[in-house]
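J.: Okay, here's the prediction I keep looking at, along with the sequence it came from:
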Amino acid sequence: QKPGDHREQCAQIVSELLEVEVQVKLFKQDDSHKQFRLDAKKALNTRIGQVSATLKSIQECTLGLVSMLSPIMDGSEDAKKQFVEYIVAERFADEAEVGIMTQARSAWPKARV
């Protein structure tokens, strides 16, 4: 890897993220997907909110998320997949940020999921 390549990779990733954010914003504005968005967010928030520091909780949450997300990721249109990927990443990032600000150790259960 050449020096400076990481900057190009980072710039490419940022560019891709900005493009995804535009697509997700358009998806959020489409009223025909409103119920899907609400259901997906509710299910995701419920699952992630149930994670605690026990191994059993981490495993249950992981399995629950996989079973919830698999049908969406296997059979849905690209816009729905992209929306779900985005909200999952956003939710985990928010959880980690809050956990780290209060006590770094508390972010680990979510990170394991």
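T.: Perfect, I can see it now.

J.: Just give the number of residues close to residue 24.
T.: A count of nearby residues for residue 24, using other C-beta atoms under 10 Å, gives 18. To be clear about C-beta, it is placed using only N, CA and C from the backbone, and glycine gets the same treatment.

J.: Now do it against residue 107, distance only.
T.: Distance of residue 24 to residue 107, computed by C-beta to C-beta, to the nearest Å: 24 Å.

J.: which residues of the protein score low on pLDDT?
T.: Filtered on pLDDT under 70, the chain yields the residue ranges 1-4, 99-101.

J.: Now do the contacts for the residue nearest the centre of the chain.
T.: Centroid-nearest residue in the chain: residue 88, 1.6 Å away (criterion: C-alpha atoms, centre = their mean). Residues in contact with residue 88 (C-beta atoms under 8 Å, 6 or more residues apart in numbering) are 44, 65, 69.

J.: cutoff 10 Å now
T.: For residue 88, the contacting residues are 40, 44, 47, 48, 65, 69, by C-beta atoms under 10 Å, 6 or more residues apart in numbering.

J.: Would you mark the buried spots in the helix or strand harbouring residue 66?
T.: Counting by DSSP states H and E, the element that carries residue 66 is helix 55-75. Neighbour-count burial for helix 55-75 flags 58, 60, 61, 64, 65, 68, 69, 72 (criterion: 16 or more other C-beta atoms under 10 Å).

J.: And the last one, how far from residue 79?
T.: To tie it back to what came earlier, the one meant is residue 72. Taking C-beta to C-beta, one finds residue 72 at 11 Å from residue 79.

J.: Overlap of the contact sets of these two?
T.: The contact sets of residue 72 and residue 79 overlap at residue 36 (C-beta under 10 Å, 6+ apart).

J.: show me where this protein has helices.
T.: Remark: helices assigned in the chain by DSSP state H are 5-29, 34-49, 55-75, 78-102, 108-112.

J.: Spatially nearest residue to residue 108, not counting backbone neighbours?
T.: Closest residue in space to residue 108, ignoring its immediate chain neighbours: residue 53 at 7.5 Å, by C-beta to C-beta, 6 or more residues apart in numbering.

J.: For residue 85, see how far away that neighbour is.
T.: Applying C-beta to C-beta, the value for residue 53 to residue 85 is 26 Å.
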